[in-house]
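S.K.: Just a sequence and a predicted model for now, questions to come.
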Amino acid sequence: MRRLFRFGGNLALIGLALLTTAELSNARAFQEGGEQGGGDAADKSGDAEGDKEDGPEHFFAVVGADVYTGTGAVLRGATVLSRNGKIKAIGYDLDLPPDTKTLDATGLRVYPGMVAISSRGLVGNATGDFEDTIDPFNSRMVLGLATGITTTGTGNAAVKLKRFSVKDAVVNDKIFSALAWSARNPPGKRTLREKFVTATEYLRKYRDWEQKVKKDKELKEPSKKGVDVTVLAVLKGEAKAKFNAGARDDLLGIARLAQEFGFRPVIEDCQEGWTIADELGRAGASVVLTPRARLPKREDLTRPGGSSIENAAILHKAGVPIAVVPATESVDLGGIVGRDIMALAIEAGFAVRGGLSEEAALASITIVPARILGISHRVGSLEVGKDCDLIVTDGDLLHYETFVQYAVVDGKQVYDKEQELFFAHIRPRAPNEAPEKKLDRGESEVKPAEAKPEETEVDGEKTEEKAEEKKVDEPEKDKKEEKKDGDSNDHDGGSDESGSDEGGADDGS
Amino acid sequence: MSLPSILLAFAPAAWTSPAPSTDFYAIRVGRAETVSKGTIEHAVILVEGGKIVTIGEDLPIERGIPIIDRPDWVVMPGLVNAYSRLGLDGDGGDEMNPDVHAFDELYPASEDYAEVVKFGVTTLGLYPAGNGIPGQAVVVRPTGNTPEEMRVHDPAYLKIIMRAASNSKKLLRDGFKKADEYDAKEKKAREKWDKDQEAKKKKAPAKKPDEKVEEKKVEEKKGEEKKEEAKDEPKTEKSDAKTEEATYTPSEPEPKTKPFVDLRSGKLRALVSISSAAEYLHLLDAIDKEKFTWDLRVPMTREIDLFYVTDKKTYDLDQDGIGDRHVRVVMEPLITLTPGTMRQRNLASELARAGAKIVFIPRNDTLLDHERWLTHTAEMVNAGLSRDIALRALTLEPAELLGVGERLGSLDKGKDANFVFLNGDPFEPTTRIQAVVLEGRVMFGEVGL
């Protein structure tokens, strides 16, 4: 766990620089920075008074939790305040407006809501037109939120798990151009290359025409005939080229194609990626992988091959952004339990087992998939101006024992473990540990104390002890140290990890 | 109350008719479930010409009036099934067919109608088959030799099927778009007409009165020709000029547009079929700011998740819930389960508590389930649904949904004499239907008239 506060070295300084000292000394650490590229203007503006919208304001705050912002600092016992679904402030001693709905998460952790880069069924049964087909009462959506997923890529869209509403759930609906490159299909490879050549030529002519047409308005636009629109979209940067490949020679081919034609591919699976990590890094590829995926080595070849648990770690080291996805993308309880979409965080944990840093592992299920889906200006980390999509857990997100206690989407609580059927019975919140319910969720709640009046005390003590035990792990130690050292240490952990990802990739290409 | 005097006032009518006919008779039963005004013990009802003339407690009955005298029976209004395809077997289209009328499908000789009356059903709302927007329902009495004889009211409602799908939402929006186009066209025509009228007024008295006369003469000469012209283009200047105090008559909208124009004007109401909570929100999304009267048809499935949208408050919805809108919900009397569990829910009760109006229909559109309709409803009452709401959901509420609430659905003076006679409380398991009366006529049972 020490890695957490050591990583990033000089990058940590950059991260710190973004947090002005004035803000720190104020003990009202408003958080900014991080995801600046691609974000809209509001992201940077922070707490501007000018951006008032019509209608009533809705305030929501998660109070007292350790806030893992994802791209920045870890703030112990801090508050996240949102206004109308957007994060307004993250910090200490915030003045909460009088009608703020508050969720007391003392002793718990807050993470950015996870982004499942691809899943099936979480927002309904349809595979397109999500605006018109989304089912916000789907039990799989509840299970997705119970997993900690608040946004998912599905089909060619990125959709939020916005329960109880069918509005504004789609964040991006034109993401990928799916392309194929396989050694088993040489004609296919040739055709794809030809498509890139034609599209490049067209684009060159088009840009030329764009310049000249300003002077000569009679000039005809170059013909689009024979130009593949999906490939053209990739070259124009309107869509991302997505490949599905695992074997080394295919990966090499994709990397070289990408460098030749100047685009940054997204590669799914990528089991043998670790053998040519540097090539992929240079090509600016992003990789969507499953750490537990297995591909046998071809025994007739002497080169290293096959899948490796270290795949994610090695690729990450080479500057390749890693997004993790489990083996099965749906909620599947029919035989491969533990490898479906509900194992998203655990799958990232397996990447840690293979040597990936915990920060990169967290990024692989939050900000990196958000970037790949082109929605990192809205979700993927906790930053002022971004959507208030967060999860409250009772422990380290990557730990198998951890449960998501609450999930919040657009500043509205949409999941409470105790209120839903699925996990309420497992390690129920002890009465004295339960955060005070300030949210109006009706009066249907049966308090455990009422259910078993005799055992309450014993239970309470036991849970308390257990909680104490659990707390004595590294973060707690760090917390104590920080308390001695003062505020500045709070932000040691905060460095722009994401910056290192992109930086690496940029250098390569 | 001077009810006895009313009785006396009507009594002579009985004396004058020489043969005692079933056109005028009295009913004396142990109890009457009026639905509109609660229960009346020792109720007496006077029926004439198929209508209820009066109803009250223990009213004296003139000697000589034929009487159904069953002090151990209970009477309630005839059951109204607002959503049925009994006796119809047509197929429907998948898309936009709002101009289809279920009335056109009617086959009076169907044996179903004679059978269903025995189960206490005296009014049926028959809807057209199909998906998308299948067309308009008709209210019928389950008796008669011709479709016209069966018809009570037409159209009852426009059936619309809403699914969580783009094409489904588009269909509804397109319908109103067509109505928009019609409105715009009409507005233009109206403006033009007004202008013409004004121009004529200015022209006529001030400048050239002769010309006008001439014009008239010419028109008269034209004779038949002109008439044809007027038929083809009823809004042309000439036809308007013909009448001095001309009133503007809007053109008839296209058959497929008309139902939507009527929805807007309140002439027609809609019954929207949805099957899940999500589809309710999608419906609201599709309706957007459009204003028309609509009720809901929700087929009950075992694990339906409609409880999420009963009201706005419970789940903090960004839209009003079903109860908040006080719409009717056409549903089967069925206990449902919380999805993924064996936890039972009484959705009818939940909806009613939230403010929605319940309309029950038989669990299946078969004769067998019509026979068990009261028993199934009794199950809901047993599971906590208010008895009054349950009775209403079988009679007055569906009648109001069908637009015939003024005419039938409760035991009130002036309403159709549709009765179900039972040998006990409607919701007791041992209770059986003893007799059924439809608009005064005894359709089933031995009443001893």
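M.R.: Received, thanks. Numbering: from 1, shown residues only, chains lettered A, B, ... in the order given.

S.K.: centroid residue for chain B?
M.R.: B:L402 (0.7 Å; C-alpha atoms, centre = their mean).

S.K.: and that residue, how far is that from chain A?
M.R.: Distance, B:L402 to chain A, by C-beta to the nearest C-beta, to the nearest Å: 30 Å. Every residue, glycine included, has its C-beta placed from N, CA and C.

S.K.: before we move on, what about B:E400?
M.R.: Taken as C-beta to the nearest C-beta, the span from B:E400 to chain A is 29 Å.

S.K.: Just give the nearest non-adjacent residue to that residue, would you?
M.R.: B:G409 (6.8 Å; C-beta to C-beta, 6 or more residues apart in numbering or on different chains).

S.K.: okay, that neighbour: pLDDT?
M.R.: B:G409 carries a pLDDT value of 96.

S.K.: just checking, it touches B:A393?
M.R.: No. With contacts counted by C-beta atoms under 8 Å, B:G409 stays clear of B:A393, the gap being 10.9 Å.

S.K.: Please report the distance of A:M141 from chain B.
M.R.: 10 Å.

S.K.: so where do the strands sit in the stretch 151-300 of chain B?
M.R.: Ranges of strands in the stretch 151-300 of chain B, per DSSP state E, counting those that start in this stretch, are B:151-153, B:158-161, B:270-273, B:294-297.

S.K.: Mind telling me what element the closest residue to B:A43 other than its chain neighbours is part of?
M.R.: Of all residues not flanking B:A43 in the chain, B:A32 sits nearest, at 3.4 Å (C-beta to C-beta, 6+ apart). Element membership for B:A32 (DSSP states H and E) is strand B:24-33.

S.K.: That strand pairs with which strands?
M.R.: strand B:39-48 (antiparallel), strand B:67-77 (parallel) (DSSP bridges).

S.K.: pull the CA atoms of that strand into CSV?
M.R.: Output of strand B:24-33 as CSV, limited to C-alpha atoms (Å, rounded to 0.1, in the frame of the first residue of the first chain):
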residue,chain,number,x,y,z
PHE,B,24,-92.2,-1.7,-15.4
TYR,B,25,-91.4,-3.5,-12.2
ALA,B,26,-89.9,-3.3,-8.7
ILE,B,27,-87.1,-5.0,-7.0
ARG,B,28,-86.9,-5.8,-3.3
VAL,B,29,-83.6,-7.2,-2.1
GLY,B,30,-81.7,-7.6,1.2
ARG,B,31,-79.0,-5.2,0.1
ALA,B,32,-78.0,-3.0,-2.8
GLU,B,33,-74.4,-2.1,-3.6
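
S.K.: Ramachandran angles for residue 106?
M.R.: By default, I'm working from chain A. phi -60, psi 130 (degrees, to the nearest 10).

S.K.: Sorry, I should have been clearer: chain B.
M.R.: phi -60, psi 140.

S.K.: In the stretch 1-150 of chain B, what residue lies closest to chain A?
M.R.: With C-beta to the nearest C-beta as the measure, B:G132 is the residue of the stretch 1-150 of chain B nearest to chain A, at 14.8 Å.

S.K.: now that residue, nearest residue through space, not along the chain?
M.R.: B:E95 (4.6 Å).

S.K.: do the same with A:L122
M.R.: Using C-beta to C-beta, 6+ apart, the closest residue to A:L122 is A:G144 (4.2 Å).

S.K.: Quick one: residues contacting the one you found.
M.R.: Listed by C-beta atoms under 8 Å, 6 or more residues apart in numbering or on different chains, the contact partners of A:G144 are A:A116, A:S119, A:L122, A:T152, A:L161, A:V331, A:I341, A:M342.

S.K.: And the second one, how close does it get to A:G153?
M.R.: Computed with C-beta to C-beta, to the nearest Å, the distance linking A:S119 and A:G153 is 7 Å.

S.K.: same question, the third one
M.R.: Here A:L122 is placed at a distance of 10 Å from A:G153 (C-beta to C-beta).

S.K.: For the helix ranked longest in chain B, buried residues please.
M.R.: Longest among the helix segments of chain B by residue count, using DSSP state H, is helix B:166-202. If you call a residue buried by 16 or more other C-beta atoms under 10 Å in any protein chain shown, then helix B:166-202 has these buried ones: B:166, B:168-169, B:171-172, B:174-176, B:178-179, B:182-183, B:186, B:193, B:196, B:200.

S.K.: got it, and stretch B:309-329?
M.R.: Quick answer for stretch B:309-329 (16+ other C-beta under 10 Å): B:309-312, B:314-317, B:319, B:321-325, B:327-329.

S.K.: And for stretch B:374-382?
M.R.: So, applying 16+ other C-beta under 10 Å, buried residues of stretch B:374-382: B:L374, B:H376, B:T377, B:A378, B:E379, B:M380, B:V381.

S.K.: Which of those residues fall within strands?
M.R.: Among the buried residues of stretch B:374-382, no member falls in strands (DSSP state E).

S.K.: now, which of these sits nearest chain A?
M.R.: Checking those against chain A with C-beta to the nearest C-beta, the nearest one is B:M380 at 21.0 Å.

S.K.: so the closest one touches B:E332, yeah?
M.R.: No. Checked against C-beta under 8 Å, the pair B:M380 and B:E332 is beyond contact range at 9.6 Å.

S.K.: who touches both of those two?
M.R.: In contact with both B:M380 and B:E332: B:F360, using C-beta under 8 Å, 6+ apart.

S.K.: Could you look up the SS state of the closest residue to B:S386 other than its chain neighbours?
M.R.: Nearest residue to B:S386, sequence neighbours excluded (C-beta to C-beta, 6+ apart): B:A352, at 6.7 Å. Here B:A352 is recorded as helix under DSSP: H, G, I helix; E, B strand; the rest coil.
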